[in-house]
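Novice: how does the following fold in three dimensions:
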Amino acid sequence: MIRFWSELNEAARQGLKAQIESIDWDEIDELVRDHGTGEQWESLAERAEAPPAVTVAEFKNAATYSQAFEAGAEALRRGQVAFVLTAGGQGSRLGFEHPKGMFPIGPVSNRSLFQIMIEQTLARARQFKKRIPIYIMTSPQTDAESREFLERHQWFGYPRADIRVFCQGMMPAVEQTTGRVLLEEKGKIATSPDGHGGMLKALDRSGCLADMRKRGIESVFYGQIDNPLLQICNPALIGFHLLRKSEMTTQVVRKHSPLQKVGNVVRVDGRVRIIEYSDLPEKFAEQRNADGSLKLWAGSIAVHIFDRQFLERATKHADSLPFHRACKKVPHIDRSGRTVQPTENNAIKFERFVFDLLPHAENALVCEVDPAEGFAALKNAPGAASETPEWVQKAIVDLHASWIRKCGGQVAPGVAVEISPFYALDEAQLAERLKTPLNIIKPTIVTDDSGTPAVAKGTLHATIMAGGAGTRFWPASRKLHPKQLLTLIGDRSMLQSTVDRLRGLCNEKNLLIVSNEALVEQIRQQLPSVPREAIVGEPAKRDTAPCVGLSAILVSARDANATMAVMPADHVIRPTEKFQAALRFAQQLVEKDPTRIVTFGIKPSYA
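Specialist: Numbers count the residues shown, from 1 in each chain. Below is the predicted model of the structure:
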């Protein structure tokens with residue numbers, strides 16, 4: 001590790017020193033020396049049976065559901081429930097080189113995964129008129145960018161005192177053949193996150209567990225960032241957990257095939273545990289009951305409820321969450337300092353899994369959910385068979401369309417619809433809120449998050465006027481560097497900040513940025529995710545009226561029924577949520593009466 005010490009400058013030496021001091025080397029030594037086979041999966045699988053479970057049928061039984069719902073609702077009303085969201089993963093597999101939580105997935109709104117999770121939790125808190133603290137676990141790779149994103153979007157309206165971000169730990173990667181710790185570069189050890197099971201240690205180390213205790217939290221709802229159908233703090237699910245006196249409850253789906261790639265939730269020797277699909281011998285995966293159903297039917301979806309006291313007890317026992325060894329390809333430098341890009345597995349990574357807490361929990365419980373109502377994981381890039389952005393968006397649309405149809409409404413085939421959690425978190429709430437059935441014939445968001453009566457909203461298109469020459473802002477700006485492309489406030493340019501303000505309201509494919517020809521390439525560099533055809537360069541400066549007219553023609557060609565908003569690229573508007581609420585309200589006014597033009601102004605502060 002210190003082979004290249006003499007070549008490092010003082011800052012690099014201090015960085016490497018801090019890394020070395022942060023690692024438990026006795027633990028690493030023990031993990032490297034432990035070449036045992038670990039669990040005897042064949043023997044475990046032979047003794048495995050179906051776990052104690054609340055099935056979908058029991059969950060939806062009117063009597064049992066009502067009792068469970070009330071028990072969970074009471075816990076929420078007392079402020080005894082917290083939400084832990086793990087968001088340490090990058091979106092690399094999606095072709096998105098940012099934290100996965102930033103990925104825009106709303107089929108109409110283009111809302112990010114972070115926004116979906118936070119807004120749903122806020123809606124749940126409003127439902128029971130009680131605060132629900134959120135604890136978001138990041139990784140060192142995603143922490144800074146996630147915090148910046150959430151800060152820039154003002155935490156999507158969540159009370160800042162009720163949301164905390166904490167970072168999971170890292171483990172060094174070791175060479176598969178020698179156990180030697182690998183270097184990523186001359187002054188940096190090659191490391192990887194310690195797995196979602198790292199949550200336990202990180203919650204304790206960060207003070208989040210102590211914060212839960214101080215707040216009187218008794219139940220901790222756990223979910224992962226990549227499932228936008230996650231039923232956050234579902235009262236009935238919490239209620240079943242409480243009524244069965246379970247220390248850990250896990251939500252599952254019924255496997256559609258024996259070899260489906262999900263963890264198998266089973267009971268072995270009276271204890272609930274998970275056998276990963278890769279560890280379950282095929283002959284046991286294929287076993288069936290007399291009625292033809294799978295014997296080991298319960299597939300894990302990484303949704304759990306923990307007793308807080310159980311988590312605290314687990315932090316005191318090092319063996320509660322054992323490390324798992326995974327052979328991976330890890331780029332590194334060799335002894336001469338040259339970079340090595342391995343073509344086959346060359347290293348061992350160590351990670352913990354949170355589901356390994358199940359065998360330690362008393363009265364561990366399993367609750368089944370219909371995947372159409374609670375599970376659509378975003379994992380794969382477009383082109384894969386499932387779990388792609390398009391596949392997940394369809395799952396969201398199908399769920400919300402089914403609510404509307406069950407409430408007597410209609411959704412035209414192939415039309416995307418989203419229901420804001422601020423309007424309805426489930427079918428029952430939608431039925432309560434609707435006065436007349438909805439008839440959805442164009443892409444629509446059903447919402448009242450602006451505080452106004454809810455209406456079905458069509459697609460919003462936005463034109464950003466970004467053609468200024470920068471002459472009045474000289475000498476800070478120049479002809480080819482006008483103020484809308486400069487970073488004047490914060491760390492984003494005026495144009496980038498304008499686009500950021502529209503996230504969640506307007507899909508990037510429905511943006512139109514009009515500038516002059518000379519600035520088009522600079523704008524494309526600043527906004528790489530905006531479609532190239534959405535950035536229009538005018539051949540001559542003719543001020544705003546021709547710009548708006550041109551935009552109207554182009555937007556009309558995209559969508560004849562679109563509502564178009566027009567705004568400059570050089571405004572500072574805060575807070576974002578009030579701007580968005582005003583824009584949503586204006587859209588509703590225009591959709592009610594298409595002859596209207598709504599203009600925005602401010603109350604003058606001087607004559």
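Novice: the longest strand in this protein is where?
Specialist: Counting residues, the longest strand in the chain under DSSP state E turns out to be strand 298-307.
Novice: average model confidence for that one?
Specialist: Averaged across strand 298-307, the pLDDT comes to 96.
Novice: quick check: what element follows it along the chain?
Specialist: helix 308-315 (DSSP states H and E).
Novice: measure M248 to I305 for me?
Specialist: M248 sits 7 Å away from I305, going by CB to CB, to the nearest Å. Any C-beta I mention is one placed from the backbone N, CA and C, and that applies to glycine too.
Novice: how about the secondary structure of R273?
Specialist: strand (DSSP: H, G, I helix; E, B strand; the rest coil).
Novice: residues near it, how many?
Specialist: 22 (other CB atoms under 10 Å).
Novice: same thing with the one 5 residues further on?
Specialist: Counted with other CB under 10 Å, residues neighbouring S278 total 8.
Novice: how about the secondary structure of it?
Specialist: coil.
Novice: report pLDDT for it.
Specialist: For S278, the pLDDT comes out at 84.
Novice: how close does it sit to A173?
Specialist: Applying CB to CB to S278 and A173 gives a distance of 20 Å.
Novice: next: A569.
Specialist: 45 Å.
Novice: N227 too?
Specialist: 28 Å.
Novice: go on, L430?
Specialist: Going from L430 to A173 by CB to CB gives 49 Å.
Novice: between these two, which one's more packed in?
Specialist: With neighbours defined as other CB under 10 Å, L430 and A173 compare such that A173 has more, 24 against 20.
Novice: surely that one touches K349?
Specialist: Yes. Look at A173 against K349 with CB atoms under 8 Å: they come within range, at 5.4 Å.
Novice: so F128 is in contact with A75, correct?
Specialist: No. Counting by CB under 8 Å, F128 stays clear of A75, with 9.1 Å between them.
Novice: neighbour count winner among these two?
Specialist: More neighbours surround A75 than the other of F128 and A75, with 22 against 19 (other CB under 10 Å).
Novice: pull the distance from the helix or strand that contains the more buried one to the chain's centre.
Specialist: Following DSSP H and E, one finds A75 within helix 62-77. Centre-to-centre, helix 62-77 and its host chain are 27 Å apart (CA atoms, centre = their mean, to the nearest Å).
Novice: what's the overlap in contacts for A173 and K349?
Specialist: Common contact partners of A173 and K349 (CB atoms under 8 Å, 6 or more residues apart in numbering): 192, 328, 330.
Novice: read off the pLDDT value for the second one.
Specialist: Going back to what we said before, that points to K328. Confidence score, pLDDT, at K328: 84.
Novice: which residue, other than its chain neighbours, is closest to it?
Specialist: Leaving aside its sequence neighbours, K328 sits nearest to K349 (CB to CB, 6 or more residues apart in numbering; 5.2 Å).
Novice: would you map the helices across the stretch 251-400 of the chain?
Specialist: For the stretch 251-400 of the chain, the helices defined by DSSP state H, counting those that start in this stretch cover 282-285, 308-315, 371-374, 389-406.
Novice: give the rounded mean pLDDT of the longest one.
Specialist: Taken as a whole, helix 389-406 has a mean pLDDT of 96.
Novice: same check, this time on the first one
Specialist: Mean per-residue pLDDT for helix 282-285: 93.
Novice: send me that helix as CSV with only the CA atoms.
Specialist: What follows is helix 282-285, C-alpha atoms only, in CSV (Å, rounded to 0.1, in the frame of the first residue of the first chain):
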residue,chain,number,x,y,z
GLU,A,282,-32.1,-26.2,-9.0
LYS,A,283,-33.7,-29.4,-7.8
PHE,A,284,-35.0,-27.6,-4.7
ALA,A,285,-36.0,-24.5,-6.7
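Novice: let's verify T177: helix, strand, or coil?
Specialist: Per three-state DSSP, T177 ends up coil.
Novice: report how many residues lie close to it.
Specialist: Neighbour number of T177 under other CB under 10 Å is 9.
Novice: same question, the one 4 residues further on
Specialist: Other residues within reach of V181 by the criterion other CB under 10 Å amount to 20.
Novice: likewise G223?
Specialist: Neighbours of G223 (other CB under 10 Å): 22.
Novice: who touches the helix or strand hosting it?
Specialist: Counting by DSSP H and E, the element that carries G223 is strand 219-224. Strand 219-224 is contacted by residues 75, 80-87, 117, 196, 199, 212, 230, 232-233, 238, 241-242, 302-308, 311, 354 when judged by CB under 8 Å, 6+ apart.
Novice: what's downstream of that strand, the next helix or strand?
Specialist: Next in sequence after strand 219-224, counting helices and strands by DSSP H and E, comes helix 235-243.
Novice: got phi/psi on T249?
Specialist: phi -110, psi 140 (degrees, to the nearest 10).
Novice: ok, it to A361 distance?
Specialist: 9 Å.
Novice: part of a strand, is L495?
Specialist: No. Applying three-state DSSP, one finds L495 to be helix, outside a strand.
Novice: quick one: it from L505, how far?
Specialist: 17 Å.
Novice: neighbour count for those two, which is higher?
Specialist: Neighbours were tallied for L495 and for L505 using other CB under 10 Å; the higher tally belongs to L495 (25 against 22).
Novice: what's whichever strand or helix holds A82 in contact with?
Specialist: A82 belongs to strand 81-86 when assigned by DSSP H and E. For strand 81-86, the surrounding residues in contact (CB under 8 Å, 6+ apart) are 75, 117, 121, 132-137, 196, 199, 203, 212, 215, 217-225, 232-233, 238, 308.
Novice: what's the following helix or strand after it?
Specialist: The helix or strand immediately downstream of strand 81-86 is strand 90-91, counting by DSSP H and E.
Novice: what helices or strands is that following strand leaning on?
Specialist: strand 96-99 (3 or more CB pairs under 8 Å, 6 or more residues apart in numbering; DSSP states H and E).
Novice: pLDDT on the strand it packs on, on average?
Specialist: 92.
Novice: which residues sit against the helix or strand that it is followed by?
Specialist: Using DSSP H and E, the helix or strand that follows strand 96-99 in sequence is helix 113-127. Applying CB under 8 Å, 6+ apart, the contact partners of helix 113-127 are 76, 83, 85, 87, 100-103, 105-106, 111, 131-132, 134, 146, 149-150, 153, 155-158, 163, 223, 225-226, 228, 230, 232-233, 378, 420-422, 425, 429, 449, 503-504.
Novice: angle of the very next helix or strand once past helix 113-127 against strand 219-224?
Specialist: Per DSSP H and E, the first helix or strand lying C-terminal to helix 113-127 is strand 134-138. Strand 134-138 and strand 219-224 are oriented at 40 degrees to each other (axes from the mean of the first three to the mean of the last three CA atoms, to 10 degrees).
Novice: any idea how far P331 is from Q176?
Specialist: Using CB to CB, P331 is found at 14 Å from Q176.
Novice: again, but for A607
Specialist: 76 Å.
Novice: if you count what's nearby, which of these two comes out ahead?
Specialist: Q176 (18 against 3).
Novice: need the contact list for the more buried one.
Specialist: Listed by CB under 8 Å, 6+ apart, the contact set of Q176 reads 327, 345-348.
Novice: same deal with I513?
Specialist: Per CB under 8 Å, 6+ apart, neighbours of I513: 463-464, 466, 495, 523, 527, 530, 534-536, 569.
Novice: in the stretch 251-400 of the chain, where is pLDDT below threshold?
Specialist: 318-319 (pLDDT under 70).
Novice: same check, this time on the chain
Specialist: In the chain, residues with pLDDT under 70: 1, 35-39, 318-319, 448-458, 468-481, 483.
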